[in-house]
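In: I need the structure of the sequence given here:
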Amino acid sequence: MGPGSKKRSRRSSWAELSGHDRRVSSPGTAPGREDGAPDPGLAGPERDLAAGLAALRAAVADLRLPLEVAGVEEARAEAARVLAQLDDHLLPRVRQMGAPLLAVVGGSTGAGKSTLVNSLVGAVVSPAGVLRPTTRSPVLVHHPDDQAWFVGDRVLPGLSRWQGEGEGPRSLRLVGHPAVPRGLALLDAPDIDSVVAENRELGAQLLGAADLWVFCTTAARYADAVPWDLLAQAAARRAAVGVVLDRLEPEERDAVRADLGRMLVEHGLAGARLLTVPEAELAGGLLPPQAVVEVADWLHGLAADAGSRERLARSTVHGAVLDLMTRVPRLAEAADAQVAHAHWLGETAIQAYADAAARVDELASDGTMLRGEVLARWQEFIGTGELLRTLEAKVSTWRDRISAGLRGKRPPEPVTAAIGAGLVDVVVDAADRAAERVWTTWHADPAGARLLDGLRLARSSPDLRDRTAAQVRDWQGGVLDLVATEGADRRVTARVLSFGVNGLGAALMIVIFAHTGGLTGAEVGVAGGSAVLAQRLLEAIFGDDAVRRLTRVAEADLVARVEQLLAEEAARATTPLDALDVGVDGTALRAALARVPVPEAPSTTDVRGRSAEREDGRRGRGDQTPERGLRAWWRRLWS
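Out: Numbering: from 1, shown residues only. Purely as a prediction, here's the structure:
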């Protein structure tokens, strides 16, 4: 190679280091795409990965976690973080691997992030000051030729864009500056430990969108817990990380670097690049160039050519997808827990009212209904003297004497009314007990207690008594219809007419409530005798089989009506639960995750850079003086 060729090679490499590499992929139409579809130019594996991630994104977006169960707050936050990572980083990066690298500069309050960005650019592009928090809205600094990559919603779609001075809520300020290398953008993020919660959340979100983390800290604060929590996330995602020790006094350099390096190794970040910025006087709000040359060299080296940028991007994507493989199953488990808890709450209500229905059925068949008012009205209707002294008489004698006893007696309506009133009381009392049981159970559960807010569920519905009375009247009307239909046969019509449909209907109701398990003392004999009298009368008129059939039909109708009433009451509790739409467990999430192919790991990318390796070598030879500036760049060119 002649001298002329060597000079051309040298100029080309200098252009790369100076940020004039024009091999950055063109934005094409991708930044402006609104359909979210993968770039048509994607290769097979990348297209499959983009499609799988898009389907996973849809499944996570459909995730519903409305119930206040244990761990739900963290699950909700994690779902939001996964969505943000997919929207802000993974999907746009996979769709366009050749897009500029996004280096997010983050860290604690007062760590000098904005000053570092300004000093790297050589101009005040992000305001810095003594007020905290200084950076309220993130500032993205890019080369002017790369503007098309960031004006749309390709990355960070949840933030609006604007250019110029000032700031706005949930917005991203874009600043173009020629000092920034093509293919690299610096994003000055809000403080991760800001007193403003929104700033903290946004700072963490922006770090999740990064291809490269530039983490700023100081000698006084590098061991703080909050930064290490985020760095742990970086380690889990196998993200490319550079840690900048800012404002470092010369006498502290070796000791602090060694201790911080040890902590990085312990936290799974052995591959992170550790950089230092010495304490220096500001001039016009900027550090002197020699103070930030180590950081500048490192960033320029990473952005030097399209191949190195793409390897770094692929490495970050590979780690982020592997990280999703462990995070999404936990979201699926949270969805399973929601469905299981919703089922338990619903079953609690349904079972309470099912038990109430069973209780009504028990009270309606064990003789309890024949107490008090019902028994008194029945005795008034049939009389108690001669009829009750002839229990052992023949059927014909029964019919004759009952017929004689009923003639001229009071009408049966008071008996029917007493039965109806007693039945209404039984149903309403059972419903009240069920409502109290549901309220007590739900109130002791955080998810159930939240559902009870603003609802009157400790007692039954205010209109339940009226609705129950209407159902009981309809049931009693149905009983009379049964008797009338059965009495339509010519052979029994005369007998029915002699006793009256209403009287026989009242007798059938007495038979239905006839069992005496709920009665005690003298009530058993009186009520039992009255029931036997009613049954013998019905059998004498209709026959044994007909009476059994009438009883079964009437009982089934009553049970159905009571169950309907109590099911409507149960719906007062289950409707708010159903409205939450907690019906999808983690199956869809697991299926979507299974369709995401894990990309092939790229060739090893050492984000520490070659200068770090040489510095390690110099430390091994006892040389503690790093080369800086142009001299260091020229040495790298010819090494």
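In: what about the most centrally placed residue in the chain, which helix or strand?
Out: By C-alpha atoms, centre = their mean, the chain has its centre lying nearest to residue 65, at 2.3 Å. Applying DSSP states H and E as the criterion places residue 65 outside every helix and strand.
In: pretty sure it is touching residue 78, no?
Out: No - between residue 65 and residue 78 there is no contact under C-beta atoms under 8 Å: 9.8 Å. From N, CA and C alone the C-beta is placed, and that goes for glycine too.
In: Name the residues contacting each of those two.
Out: Each of residue 334 lies in contact with both residue 65 and residue 78 under the rule C-beta atoms under 8 Å, 6 or more residues apart in numbering.
In: just the strands in the stretch 251-400 of the chain please.
Out: Taking DSSP state E, counting those that start in this stretch, the strands of the stretch 251-400 of the chain run over residues 273-278.
In: residue ranges with poor pLDDT in it?
Out: Residue ranges of the stretch 251-400 of the chain with pLDDT under 70: 367-400.
In: where along it do the helices fall?
Out: Under the criterion DSSP state H, counting those that start in this stretch, the stretch 251-400 of the chain contains helices at 253-266, 289-302, 306-363, 372-382, 395-406.
In: Quick one: closest of those helices to residue 223.
Out: Minimum separation from residue 223 across the helices of the stretch 251-400 of the chain (C-beta to C-beta) falls at helix 253-266, 7.1 Å.
In: which stretches of the chain have low pLDDT?
Out: Within the chain, the stretches with pLDDT under 70 are 1-41, 129-136, 165-169, 367-412, 489-500, 515-532, 603-639.
In: need the strands for it, in chain order.
Out: 101-107, 139-142, 160-163, 171-176, 184-188, 212-218, 240-248, 273-278 (DSSP state E).
In: can you put those strands in JSON lines and add distance to residue 59 and mean neighbour count?
Out: Listed next are these as JSON lines, based on distance: least, C-beta to C-beta, whole Å; neighbours: other C-beta atoms under 10 Å:
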{"stretch": "strand 101-107", "distance to residue 59": "26", "mean neighbour count": "27"}
{"stretch": "strand 139-142", "distance to residue 59": "30", "mean neighbour count": "24"}
{"stretch": "strand 160-163", "distance to residue 59": "27", "mean neighbour count": "13"}
{"stretch": "strand 171-176", "distance to residue 59": "27", "mean neighbour count": "19"}
{"stretch": "strand 184-188", "distance to residue 59": "29", "mean neighbour count": "27"}
{"stretch": "strand 212-218", "distance to residue 59": "27", "mean neighbour count": "26"}
{"stretch": "strand 240-248", "distance to residue 59": "28", "mean neighbour count": "23"}
{"stretch": "strand 273-278", "distance to residue 59": "36", "mean neighbour count": "22"}
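In: got TSV for those strands, with distance to residue 512 too?
Out: Shown next, in TSV, are the strands of the chain (distance: least, C-beta to C-beta, whole Å):
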stretch	distance to residue 512
strand 101-107	77
strand 139-142	80
strand 160-163	72
strand 171-176	74
strand 184-188	79
strand 212-218	78
strand 240-248	80
strand 273-278	87
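In: Looking at the ones you listed, which is nearest to residue 468?
Out: Ranking those by their distance to residue 468 (criterion: C-beta to C-beta) puts strand 160-163 first, at 58.5 Å.
In: Summarise which helices and strands that closest one is packed against.
Out: strand 171-176 (3 or more C-beta pairs under 8 Å, 6 or more residues apart in numbering; DSSP states H and E).
In: Pairing partners for the strand it packs on, with directions?
Out: If you go by DSSP bridges, strand 171-176 pairs up with strand 139-142 (parallel), strand 160-163 (parallel).
In: quick one, which of these is nearest to residue 309?
Out: Proximity to residue 309 (C-beta to C-beta) singles out strand 139-142 among those, at 13.7 Å.
In: Could you check how far the closest residue to residue 222 other than its chain neighbours is from residue 506?
Out: Once flanking residues are discounted, residue 222 sits nearest to residue 260: 5.2 Å by C-beta to C-beta, 6 or more residues apart in numbering. From residue 260 across to residue 506, the span is 93 Å (C-beta to C-beta, to the nearest Å).
In: So which of the two has more stuff around it?
Out: Per other C-beta atoms under 10 Å, whichever of residue 260 and residue 506 has more neighbours is residue 506, with 29 against 19.
In: Distance of that one relative to residue 415?
Out: Distance from residue 506 to residue 415, by C-beta to C-beta: 4 Å.
In: Residue 340 now?
Out: Residue 340 is 50 Å from residue 415, by C-beta to C-beta.
In: which residue packs closest to residue 361, ignoring adjacent ones?
Out: residue 559 (6.0 Å).
In: For the one you found, the count of nearby residues, please.
Out: Number of residues near residue 559 (other C-beta under 10 Å) recorded here: 16.
In: Give me the contacts around stretch 271-288.
Out: Stretch 271-288 is contacted from outside by 112, 115-116, 118-119, 122-124, 128, 241-250, 253, 257, 260-261, 264, 291-292, 294-295, 298, 606-609, 612, using C-beta under 8 Å, 6+ apart.
In: Give me the buried subset of the residues you listed.
Out: 112, 115-116, 118-119, 123, 128, 241-248, 257, 260, 264, 291-292, 294-295, 298, 607-609, 612 (16 or more other C-beta atoms under 10 Å).
In: right, so of the helices of the stretch 251-400 of the chain, which gets closest to residue 533?
Out: helix 372-382 (6.5 Å).
In: out of the strands of the chain, which comes closest to residue 545?
Out: strand 160-163 (81.9 Å).
In: just how off-centre is that closest one within its chain?
Out: Distance, stretch centre to chain centre, for strand 160-163: 31 Å (C-alpha atoms, centre = their mean, to the nearest Å).
In: All further residue positions should be reported with the first residue as 456.
Out: New numbering, starting at 456: the last item is strand 615-618.
In: and the residue nearest to residue 758 when sequence neighbours are not counted, what does it touch?
Out: Spatial nearest neighbour of residue 758, excluding adjacent residues (C-beta to C-beta, 6+ apart): residue 639 at 3.8 Å. Applying C-beta under 8 Å, 6+ apart, we find residue 639 in contact with 474, 555-556, 558, 597-598, 754, 757-758, 764.
In: Let's see that with 7 Å instead.
Out: Going by C-beta atoms under 7 Å, 6 or more residues apart in numbering, residue 639 touches 555-556, 558, 754, 758.
In: Need the max-distance pair from the residues you listed.
Out: Farthest-apart pair in the contacts of residue 639 is 555 and 754; separation 12.1 Å (C-beta to C-beta).
In: what's around the residue nearest to residue 1047 when sequence neighbours are not counted, how many residues?
Out: Using C-beta to C-beta, 6+ apart and skipping the chain neighbours, the partner closest in space to residue 1047 is residue 514 (3.9 Å). By other C-beta under 10 Å, the residues close to residue 514 number 23.
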